[in-house]
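**Q** I would like the atomic coordinates for the input below:
(2 chains)
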Amino acid sequence: MEKNIRVRFAPSPTGHLHIGGARTALFNYLFAKKYSGTFVLRIEDTDELRSSQESVKWIFDSMAWLGLNWDEGAMPDGTQKGNFGPYVQSVRESQGIYKQYADKLVKEGKAYYCYCTAQELDEMRKKAALEKRPPKYEGRCRNLTAEEKEKFEKEGRKPVIRFRMPDDGTTSWNDLIHKELSFENKLLYDFIMVKASGYPTYNFACVIDDYLMKISHVIRGDDHISNTPLQINLYKALGWEIPQFAHLSMILGPDGSRLSKRHGATSVQEYKKEGFLPETIKNYLALLGWSTQDSQQIFEKGELEEKFSLEGCQKNPATFDPVKLKWMNGEYLRKLDKKTLSDLVLPYLKEAGFDLSYPKVPLEELIYLEYEKYKVLSEAPSLLSFFFKENPDMDAEAVQSVFSKPSAYKVLSGIAEVYSSLPNFEEKSIEEATRKFAKDNSLKNGEVFHPVRVAVSGKAQGPTLFKMIEYLGKDCAVNRIKAAVSLCSVNK
RNA sequence: GCCCUCAUCGUCUAGAGGCCUAGGACGCCGCCCUUUCAAGGCGGAGAUCAGGGGUUCGAAUCCCCUUGAGGGCGCCA
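**A** Sure, this is the predicted structure:
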């Protein structure tokens, strides 16, 4: 690869970091890592109405959580890191950076003031639609005379600055993912560079900044393909070198439409809250639109950074599959050691309002008992609840199916005796005693194990039985079994 | 309406003219392990490579058309 690879992620702070945005950030990050380039974070807050400081913070938080650290750009503490700052467009605007280039283009006749109002534009579009013409701006203000301008100014109209698009020829580029892409200039339109408020628009600010920040590769979503010829013409008008472009495919929801809120969780923050690991999100997102030649699924730490390439990127859109995401999270969760898993699960138990002081054994032991069950961290409370209270919630179905067996009463009353006289209340001795009880009473193991499990945990399914009983402790286990005796429908 | 893009199992994908009677992964089904649920192991179903034309000795792979899907046509980004 060429030297001085510089890429950027340029989110607009109008909400949480979306899963699609996170993927764009990830691909830029991976590309930079792969080629030892520089990853820049630029804040594109030129939407005065929707941008917010809060959103900037959310984006920083999500990026940090995912481990997508940037080498240059706006930093969470408000500073600007790097030699091409500031990296916040509103700040750049206030320094007159955009104005300077807009003025230059106007002076050179490559851009012009347009006095059309929003309402007028709207009417023009409606009329065009009615007449089955493309709804593009027809260049009404392209050649305004000084008198006309003066007249508009007197009316108090605030002009915008439009780029004067070439009338003929074609604009094409060799997209790193899509190969040759080309547009006829006559279909392009005189886009607005500077709004009436003096703020730059996306298409304008983006080009100015990518150039000034020496961005070598613009890696962004497919939805920007039609903006690209506009931007390329701007580069040309300015006489600037055009960067490489790579357009990533979109992420679709299960119904085939663009992933959005109605498909469920879409922000990185929501996935974090649900209990997905950042490693999972990174890995899964990487596989959405990219793959290795051997279709590798799980990547160890650092592997993505090493194996990523634009060549492996898919042109067609990918459907987001929450089921596979969960499977993958389970894979990552199972690799965690006791301590790490426990630290991650604890907040969920706290939030569920559990009495964490109730269990007599270390919490990390309890948590680890079910380690291969978790798909997302938020499932932990329901899996472990019976460890944290005097009387477990009894699952009606389990009670019905297990305690209605003729042998249940005998088993539970008998085993309660066995357990209470057990000197060493440990997994091994509990198991031995339980098996012996079954044998002595000519019962199948299952006939004994099942009712005991339900009696002790309230559920038909759960952790390995004897370890679970040990962790509950003798008193607790015996009490629960005794209490369950009364639930047996056949009393003999 | 116009422009652009895309098209391999339900889903993510491998595949860059013969290695493909199309491979992997998720999900699904079955078996094994097992006190349960998982996890794990093994096996299975599942794609005439959207359809139709070409090119070629030979096409999932190249070309054209059709169809379908997505994106854009904002003083949003």
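**Q** would you mind giving the domain segments of chain A?
**A** Chain A resolves into domains spanning A:97-248, A:336-383, A:396-485 when parsed by automatic domain parsing.
**Q** what's the closest of these to residue A:262?
**A** Closest of the domains of chain A to residue A:262 is domain A:97-248, at 18.1 Å (criterion: CB to CB). For the C-beta atoms, the positions are set from N, CA and C on the backbone; glycine is no exception.
**Q** what about the closest one, average pLDDT?
**A** For domain A:97-248, the mean pLDDT works out to 93.
**Q** now do the helix or strand hosting residue A:273: distance to the chain's middle.
**A** For residue A:273, the host element (DSSP states H and E) is helix A:268-274. The chain centre lies 7 Å from the centre of helix A:268-274; the measure is CA atoms, centre = their mean, to the nearest Å.
**Q** buried set for it?
**A** A:268, A:269, A:271, A:272, A:274 (16 or more other CB atoms under 10 Å).
**Q** just name the most buried of the domains of chain A.
**A** Burial of those is given as mean neighbour count (mean count of other CB atoms under 10 Å); domain A:396-485 ranks first at a mean of 18.
**Q** end to end on it, go ahead and measure it.
**A** Length of domain A:396-485, first residue to last, CA to CA, to the nearest Å: 15 Å.
**Q** returning to that earlier point: redo the domains of chain A as a markdown table? Include distance to RNA strand B.
**A** Shown next, in a markdown table, are the domains of chain A (distance: least, CB to the nearest atom of the strand, whole Å):
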| stretch | distance to RNA strand B |
| --- | --- |
| domain A:97-248 | 3 |
| domain A:336-383 | 4 |
| domain A:396-485 | 3 |
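**Q** distance to residue A:23 for those domains - can I get that in TSV?
**A** What follows is those, written out as TSV (distance: least, CB to CB, whole Å):
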stretch	distance to residue A:23
domain A:97-248	7
domain A:336-383	20
domain A:396-485	36
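**Q** out of the ones you listed, flag the one nearest residue A:254.
**A** Set against residue A:254 and scored by CB to CB, those come closest in domain A:336-383, at 18.0 Å.
**Q** how far is the closest one from where the chain is centred?
**A** 24 Å.
**Q** I'd like the average pLDDT over it.
**A** Rounded mean pLDDT across domain A:336-383 is 95.
**Q** and what of stretch A:307-316?
**A** 94.
**Q** and the next element down the chain from the helix or strand containing residue A:469?
**A** Per DSSP H and E, residue A:469 falls inside helix A:465-472. Counting by DSSP H and E, the next helix or strand C-terminal to helix A:465-472 is helix A:474-485.
**Q** and the angle from that following helix to helix A:465-472?
**A** 120 degrees (axes from the mean of the first three to the mean of the last three CA atoms, to 10 degrees).
**Q** for the helix holding residue A:469, give the mean pLDDT please.
**A** 96.
**Q** what helices or strands is it leaning on?
**A** helix A:363-369, helix A:427-440, helix A:445-457 (3 or more CB pairs under 8 Å, 6 or more residues apart in numbering; DSSP states H and E).
**Q** closest to residue A:89 out of the ones you listed?
**A** That would be, of those and by CB to CB, helix A:363-369, which comes in at 45.4 Å.
**Q** returning to what we had before: now do the helix holding residue A:469 against helix A:445-457, angle only.
**A** Using the same axes, to 10 degrees: helix A:465-472 against helix A:445-457 is 30 degrees.
**Q** so helix A:465-472 versus helix A:427-440, what angle?
**A** Using the same axes, to 10 degrees: helix A:465-472 against helix A:427-440 is 120 degrees.
**Q** may I have helix A:465-472 exported as CSV, CA atoms only?
**A** Coordinates of the C-alpha atoms in helix A:465-472 are reproduced here as CSV (Å, rounded to 0.1, in the frame of the first residue of the first chain):
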residue,chain,number,x,y,z
LEU,A,465,-27.2,-30.3,40.7
PHE,A,466,-24.9,-31.2,43.5
LYS,A,467,-22.6,-28.2,43.2
MET,A,468,-25.7,-26.1,43.2
ILE,A,469,-26.9,-27.7,46.4
GLU,A,470,-23.5,-27.3,48.0
TYR,A,471,-23.5,-23.6,47.2
LEU,A,472,-27.0,-23.2,48.6
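**Q** gap between it and the chain center?
**A** Relative to its chain's centre, helix A:465-472 lies at 38 Å (CA atoms, centre = their mean).
**Q** show me what that helix is in contact with.
**A** A:359-361, A:365-366, A:369, A:387, A:419, A:425-428, A:430-431, A:434, A:449, A:452-453, A:456-457, A:462, A:477, A:480 (CB atoms under 8 Å, 6 or more residues apart in numbering).
**Q** helix, strand or coil for the closest residue to residue A:219 other than its chain neighbours?
**A** Leaving out its chain neighbours, the residue that sits closest to residue A:219 by CB to CB, 6 or more residues apart in numbering is residue A:246, at 4.5 Å. Using DSSP: H, G, I helix; E, B strand; the rest coil, the structure places residue A:246 in strand.
**Q** gap between residue A:246 and residue A:282?
**A** Distance, residue A:246 to residue A:282, using CB to CB, to the nearest Å: 19 Å.
**Q** residue A:8: what secondary structure?
**A** Strictly by three-state DSSP, residue A:8 counts as strand.
**Q** what sits against it?
**A** Here residue A:8 is in contact with A:28, A:39, A:40, A:41, A:42, A:73, A:210, A:213, A:215, A:218 (CB under 8 Å, 6+ apart).
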